[in-house]
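Pasting the sequence and the predicted coordinates here, then a few questions.
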Amino acid sequence: MKILQLVQSFLPRLGGMELMTHHLANELMARGHDVVVMAAEVGPGAEDALAPFGPRYRILRYPIKRFGSLLGRTPRSMLAIMDGLRNEFPFEIIHAHALHYPGYVAMRAGRRFHVPAAVTEHGQFMLGLSETKGQWRNPQIRCRIRSALRNIDAVTAPNAEVFDKLISHRSINPDLSRCIPNAIAVPPPDRVDALIEQNRAGAGRILMVGRNDPVKSYATAIRALAILLGGGADVSLTIVGNATDQLEPLVHELRIPADRVTLSPPRLGEDLWREYASADLYWMTSLRECQSLVKLEAMSFALPGVFNDAPGVRDQIEPEKNGLIFDANDPADLARKTTRLLGDANLCDRIAAGARELGDRYRWSNMIEQYEKLYRDLIESLPRH
């Protein structure tokens, strides 16, 4: 199949949606399909920054401009770019990521070029994440989202909460729409075992991964660390992600020793795998998630975790089996649950084994067929003339 993936935000920006689109395109190419990712320009040097990701697909960048409060291109100009692409790459299906702006453009492109169009909503709008709250106030954006939902051929979402909200719109075809969980690109199990053997030292190292954003609630984690250290626990915390250095004032305010907190820039590939392999425990304090890739990555490295009782965070967690859940946004309860894990080797081992089993289920090798089936069903069920 010839597949056009349509996104606005893309690599080298790091986020769940960007990485999911990249890995989906790579996996499709590995299985013999032909993929073009059409994404917004991100400035000079962007293509050089992509080298560590190893993209197998072609990237078509489109210029981005500001129209009042809207960031992007007009639908007409984007359709013109697709028209030129179609002469050399006769795509059979369009898969957009996020309802706005890509989902709306994909819907219009599907009608124009007589190909089926699907959109995966990664939760930014449906869950009201911080980066999209302001956009909801724009009536033109709201109108475009509603139009996309009314007219797109199929929708997908990575978790049941978002999917249920999407298909509550009566115009969406429930037979072609589906919930497809995000997948993770991690080393093979034997390589994971080797990395753990080489790096995990049992030194009470707690890990968190993800950009510093209010929705991640890293302040809860740092306060919990202060409580643990105040109680004599021999632990340290590493936070890996963009803008983590902005957490330094809180670390100083709570008088946490410098050797107990590491605020690291983003890691990729082997560097990130070693972070997981050398950690002893994983924390997730997010106020909400759609479906967290880093949570599943950590679990695939057999990391026992303590997770916030929040939408998208507690999903897939079975307390006492593959993780523990702490009271929402309560650093004291996070510290208590962590103390319990560190003090009970049998519980820790049981949760680590359950986490590994769950994480391995979400490898791309186990998930890619769901996307292939979606594309085939759309092509076969929606003939265009």
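Great, that's in hand. Numbers count the residues shown, from 1 in each chain.

so where do the helices sit in the stretch 1-150 of the chain?
Along the stretch 1-150 of the chain, counting by DSSP state H, counting those that start in this stretch, helices occupy 16-30, 46-49, 75-88, 104-113, 133-136, 139-151.

Now do the buried residues in the second one.
Translated: helix 46-49. A46 (16 or more other C-beta atoms under 10 Å). Heads up, the C-betas are built off the backbone N, CA and C, glycines and all.

residues making contact with that helix?
Helix 46-49 is contacted from outside by L11, P12, I59, R61, using C-beta atoms under 8 Å, 6 or more residues apart in numbering.

Strands - which of those residues land there?
Judged by DSSP state E, strands contain the following of those: I59, R61.

In the contacts of helix 46-49, which residue is surrounded by the most others?
Counting by other C-beta atoms under 10 Å, L11 has the largest number of neighbours within the contacts of helix 46-49, with 22 neighbours.

Who are the contact partners of it?
Contacts of L11 (C-beta under 8 Å, 6+ apart): E18, L19, H22, A39, A49, L50, F53, P55.

sorry, back to before: weakest of the helices of the stretch 1-150 of the chain in terms of mean pLDDT?
Least confident of these, judged by mean pLDDT, is helix 133-136 with a mean of 52.

can you give me the strands for the stretch 151-300 of the chain?
Listed in chain order, the strands found in the stretch 151-300 of the chain under DSSP state E, counting those that start in this stretch are 154-157, 178-179, 205-209, 236-240, 261-264, 281-284.

CSV for these, including mean neighbour count, distance to F301 and mean pLDDT?
As requested, the strands of the stretch 151-300 of the chain are exported to CSV (neighbours: other C-beta atoms under 10 Å; distance: least, C-beta to C-beta, whole Å; pLDDT from 0 to 100):
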stretch, mean neighbour count, distance to F301, mean pLDDT
strand 154-157, 25, 26, 91
strand 178-179, 18, 25, 91
strand 205-209, 23, 9, 98
strand 236-240, 22, 13, 98
strand 261-264, 18, 17, 98
strand 281-284, 25, 9, 98
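
Of all those strands, which one is nearest D344?
D344 lies closest to strand 281-284 among these, at 12.4 Å (C-beta to C-beta).

Among the contacts of L11, name the buried ones.
E18, L19, H22, A39, L50, F53, P55.

For the third one, give its distance to M29.
If I follow you right, that is H22. 11 Å (C-beta to C-beta, to the nearest Å).

For the protein, name the helix or strand with the lowest mean pLDDT.
Lowest on mean pLDDT, DSSP states H and E among the helices and strands of the chain sits strand 70-72, with a mean of 45.

Where is pLDDT lowest across the contacts of helix 46-49?
P12 (86).

sorry, back to before: nearest to P90 among the contacts of helix 46-49?
Closest to P90, out of all of the contacts of helix 46-49 and judged by C-beta to C-beta, is I59, at 18.3 Å.
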